[in-house]
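K.L.:
Got a sequence here, can you model it:
(2 chains)
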2 protein chains.
Amino acid sequence: MSTETTRIHLASRPEGAPTPDNFRTETAPVPEPGDGEVLLKILYLSLDPYMRGRMSAAKSYAAPLEVGDVMEGGTVARVERSRHPDFAEGEIVLSHSGWQTHALSDGRGLRKLDPALAPVSTALGVLGMPGFTAYAGLLSIGRPKAGETVVVAAASGAVGSVVGQIAKIKGARAVGIAGGPEKCAFVRDELGFDAVVDHRAPDFGQALAKACPDGIDVYFENVGGAVWEAVFPLLNTHARVPVCGLIAQYNARPGAATGPDRLPGLMREVLSRSLTLRGFIQTEFADQRPAFLAEAAGWIAEGHLKYREDIVDGLDRAPDAFIGLLEGRNFGKLVVRVANET
Amino acid sequence: MSTETTRIHLASRPEGAPTPDNFRTETAPVPEPGDGEVLLKILYLSLDPYMRGRMSAAKSYAAPLEVGDVMEGGTVARVERSRHPDFAEGEIVLSHSGWQTHALSDGRGLRKLDPALAPVSTALGVLGMPGFTAYAGLLSIGRPKAGETVVVAAASGAVGSVVGQIAKIKGARAVGIAGGPEKCAFVRDELGFDAVVDHRAPDFGQALAKACPDGIDVYFENVGGAVWEAVFPLLNTHARVPVCGLIAQYNARPGAATGPDRLPGLMREVLSRSLTLRGFIQTEFADQRPAFLAEAAGWIAEGHLKYREDIVDGLDRAPDAFIGLLEGRNFGKLVVRVANET
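P.N.:
Model (predicted):
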């Protein structure tokens, strides 16, 4: 067992896109668990767009990190040493330990995972927070009906891929937006979306309109920016827009938005087309999580819910992988393998 | 009985605020009802902000008027002559006959009114479309809980006055926004709102914040513009915004919105505060209308739902009264008395 633990801290707040300078790696001796504590060895670290928000000082639904804090994030870990009655050494747990190789825990917030049921890394993706975000936002806010058109961007990613596939399961038409021919082929051929549009294509807006001949009834918003511009004119009367993320905006510098002012036009269309815009985070739907886990496991077993992971080896590569995530460089759910499972 | 009927037509589309030139008055002989028809004599014409939208060519939830059409609008009328088996001469009905003194009808869409139950003009206001708009939007979209803060502008008007009073009935705190000391006093002292803020006051934003010490949980949007600017920072996490109207925008010239672009900031806050924006028109909640009529009549009888009408005499004054409505000159539900009831 290693005697040293590595941690990646927020060194400074990014202005615009994060750079390697915003992160600082530190090492320390592996800590000893006290009475009632466990020592966790991190196996997988999830990298997700929301982390960009935590790096800024702006108020959001969660408090921002302080400069100097360990970067936060969901993790899958093995109990390395236990002085807690409920946890045995060798057990695999879901934790929120952040960007580090080891962590102490008093057991609160840990959830045991059964490696026989599914690869444990899926607890960070299709069976974890991203999958549940897709499930709750699509079904509770988007409420797609059979035959309706559901559009989602970042369609090869952790959330978008699940949105489109659940839309299909519910009998809706799923139209994905992805960047580049490889991702588009995956969304169409592997995930089984009805249509896919490449947002990098010069005729993106026209191509999206062509892919949605009956307009858009549900737009699951996770990117914002140019995709929103193309989607907005296509929204049908009574369209629902669960707002889950705005990755295209996360790196914008404060005050950088310039005119013309699109707010009055937005409100006019919200009114005249009876649109619903609804921001959410998955935690508010926590009571649906058991139903999600049961349903999603069934859909995976039946082949209706597929997933792809983009696994990066080594905690030291987390900053670069995260920077790439905000640029759309990853292909599938981005996970850092911090240590080998065996 | 007069032998001449007067009609007010859309003469031209307004650019910005409507002017008298946009309307044209014509006269014609009173028409004869054919078999299965009634001749209606209009008693009251409702003037409502939505009519401004109908005067423009822009697509909205209803088709625009064509230039030359009779101006549309809800009316209360007396059956003057009947060749329809279901209607007797002298009966009072709610119709949608528009800006004219007489109208023919085949009976479709007419609803009989009982003058003994309530003044028949209330079928255009507190017991009509505006009252139902308030009821449906507040209860189905706003969903105020006891103790929450509900804010509504144009609080002395046909919709706003009902929004605040139903909020009170449901145990919420009602904060009204109105223009000028007379309307503010009415909202506070007669309608019983918990607080009222004058949007003409130079410190309006600060005064609104002071009137909402616990933030805003429901903002019933019927004005837009500067009121939205003051409300937006005060919206609590999970606030609901039924979007019913945008009267401050209706007279804006197309393309007149200038920067900075507030759309990205709006979307960011929709996301981080889990806000709901939901445009609607009351017709989509039509199945709730019987419940509304029963409940509202009860609330009026119990003294919990008060109303004020601003009655203008003579169809010829409708254009000027309508122009004034868009400027906030009316005080209470604006109704034109087209003919005396007796």
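
K.L.:
Looking at chain A, what residue ends up closest to chain B?
P.N.:
Residue nearest to chain B within chain A: A:Gly259 (1.6 Å; Cβ to the nearest Cβ). To be clear about C-beta, it is placed using only N, CA and C from the backbone, and glycine gets the same treatment.

K.L.:
Can you pull the phi/psi pair for that residue?
P.N.:
Main-chain torsions, A:Gly259, degrees, to the nearest 10: phi -70, psi 180.

K.L.:
Would you check that my belief about it contacting B:Pro260 is correct?
P.N.:
Yes: the criterion here is Cβ atoms under 8 Å, and A:Gly259 meets it with B:Pro260 at 5.6 Å.

K.L.:
Looking at these two now, which is surrounded by more residues?
P.N.:
Comparing A:Gly259 with B:Pro260 by other Cβ atoms under 10 Å in any protein chain shown, the one with more neighbours is B:Pro260, at 15 against 11.

K.L.:
which residues sit in contact with the residue of chain A closest to chain B?
P.N.:
B:257-261 (Cβ atoms under 8 Å, 6 or more residues apart in numbering or on different chains).

K.L.:
Now with 10 Å, please.
P.N.:
With contacts defined as Cβ atoms under 10 Å, 6 or more residues apart in numbering or on different chains, A:Gly259 is in contact with B:257-262.

K.L.:
Excluding sequence neighbours, find me the nearest residue to it.
P.N.:
B:Gly259 (1.6 Å; Cβ to Cβ, 6 or more residues apart in numbering or on different chains).

K.L.:
now A:Pro31
P.N.:
According to Cβ to Cβ, 6+ apart, the nearest residue to A:Pro31 is A:Leu104 (5.5 Å).

K.L.:
Equivalent analysis for A:Asp198, please.
P.N.:
In space, A:Asp198 is closest to A:Cys184, 5.2 Å off (Cβ to Cβ, 6+ apart).

K.L.:
Give me the neighbour count for that neighbour.
P.N.:
For A:Cys184, using other Cβ under 10 Å, the count is 23.

K.L.:
who are the neighbours in contact with A:Ala185?
P.N.:
A:156, A:178, A:196.

K.L.:
Settle this for me: the last one is touching A:Phe204, isn't it.
P.N.:
No: with contact defined as Cβ atoms under 10 Å, A:Val196 and A:Phe204 do not form a contacting pair (11.8 Å).

K.L.:
which one of those two has more residues nearby?
P.N.:
A:Val196 (24 against 17).

K.L.:
Helices of the stretch 1-150 of chain A, residue ranges please.
P.N.:
Assigned helices in the stretch 1-150 of chain A, in chain order: A:50-55, A:129-136 (criterion: DSSP state H, counting those that start in this stretch).

K.L.:
looking at these, which is buried most?
P.N.:
helix A:129-136 (a mean of 26; mean count of other Cβ atoms under 10 Å in any protein chain shown).

K.L.:
so what secondary structure elements neighbour that helix?
P.N.:
Using 3 or more Cβ pairs under 10 Å, 6 or more residues apart in numbering or on different chains; DSSP states H and E, the elements in contact with helix A:129-136 are helix A:50-55, helix A:160-169, strand A:235-243, helix A:289-302, strand A:333-337.

K.L.:
quick check: mean pLDDT across the longest one?
P.N.:
Over the span of helix A:289-302, the pLDDT mean works out to 95.

K.L.:
and the helix or strand of chain A with the lowest mean pLDDT, C-alpha only, in CSV?
P.N.:
Lowest by mean pLDDT, DSSP states H and E among the helices and strands of chain A is helix A:247-250, with a mean of 82. Extracted C-alpha coordinates of helix A:247-250, given in CSV (Å, rounded to 0.1, in the frame of the first residue of the first chain):
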residue,chain,number,x,y,z
ILE,A,247,-21.8,24.2,-20.6
ALA,A,248,-21.3,26.7,-23.5
GLN,A,249,-21.7,29.6,-21.1
TYR,A,250,-19.5,28.2,-18.2
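
K.L.:
Counting by contacts, list what that helix packs against.
P.N.:
helix A:50-55, helix A:225-231, helix A:318-326, helix B:263-272.

K.L.:
still on that earlier bit, for A:Asp217, see how far away the residue nearest to A:Gly259 is.
P.N.:
Note on B:Gly259: its distance to A:Asp217, by Cβ to Cβ, to the nearest Å, is 31 Å.

K.L.:
again, but for A:Ile323
P.N.:
35 Å.

K.L.:
quick one, which of those two is more surrounded?
P.N.:
A:Asp217 (25 against 20).

K.L.:
that's a strand at the more buried one, yeah?
P.N.:
Yes: judged by DSSP: H, G, I helix; E, B strand; the rest coil, A:Asp217 forms part of a strand.

K.L.:
ok, it touching A:Gly147?
P.N.:
Yes: with contact defined as Cβ under 10 Å, A:Asp217 reaches A:Gly147; the gap is 8.9 Å.

K.L.:
shared neighbours, the two?
P.N.:
A:172-173.

K.L.:
before we move on, the earlier item: so can I have JSON lines of the helices of the stretch 1-150 of chain A showing mean pLDDT?
P.N.:
JSON lines is the format used below for the helices of the stretch 1-150 of chain A (pLDDT from 0 to 100):
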{"stretch": "helix A:50-55", "mean pLDDT": "92"}
{"stretch": "helix A:129-136", "mean pLDDT": "97"}
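
K.L.:
would you list these in TSV and tack on distance to B:Glu32?
P.N.:
Listed next are the helices of the stretch 1-150 of chain A as TSV, based on distance: least, Cβ to Cβ, whole Å:
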stretch	distance to B:Glu32
helix A:50-55	70
helix A:129-136	62
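
K.L.:
Tell me if I'm right that A:Ser161 and A:Leu138 touch.
P.N.:
No: checked against Cβ under 10 Å, the pair A:Ser161 and A:Leu138 is beyond contact range at 11.9 Å.

K.L.:
Comparing these two, which shows the higher neighbour count?
P.N.:
A:Ser161 (31 against 27).

K.L.:
got the contact list for that one?
P.N.:
A:125-126, A:130-131, A:134, A:152, A:154-155, A:176, A:178, A:186-187, A:190-191, A:193, A:305-308, A:332-333.

K.L.:
ok, the residue nearest to A:Met71 when sequence neighbours are not counted - how many residues close by?
P.N.:
Excluding the flanking residues, the one nearest A:Met71 by Cβ to Cβ, 6+ apart is A:Trp99, at 3.9 Å. Neighbourhood size, A:Trp99 [other Cβ under 10 Å]: 26.

K.L.:
ditto for A:Gly245
P.N.:
A:Gly245 has 26 nearby residues by other Cβ under 10 Å.

K.L.:
thought it was touching A:Asp48?
P.N.:
Yes: between A:Gly245 and A:Asp48 there is a contact under Cβ under 10 Å: 9.1 Å.

K.L.:
Common neighbours of these two, please.
P.N.:
With Cβ under 10 Å, 6+ apart as the test, A:Gly245 and A:Asp48 both reach A:133, A:159.

K.L.:
show me what contacts the nearest residue to A:Leu334 once chain neighbours are set aside?
P.N.:
The shortest distance from A:Leu334 to any non-neighbouring residue, by Cβ to Cβ, 6+ apart, is to A:Leu47 (4.5 Å). Each residue near A:Leu47 by Cβ under 10 Å, 6+ apart is listed here: A:71, A:73-74, A:99, A:124, A:158, A:310, A:312, A:318-319, A:321-326, A:330, A:333-336.
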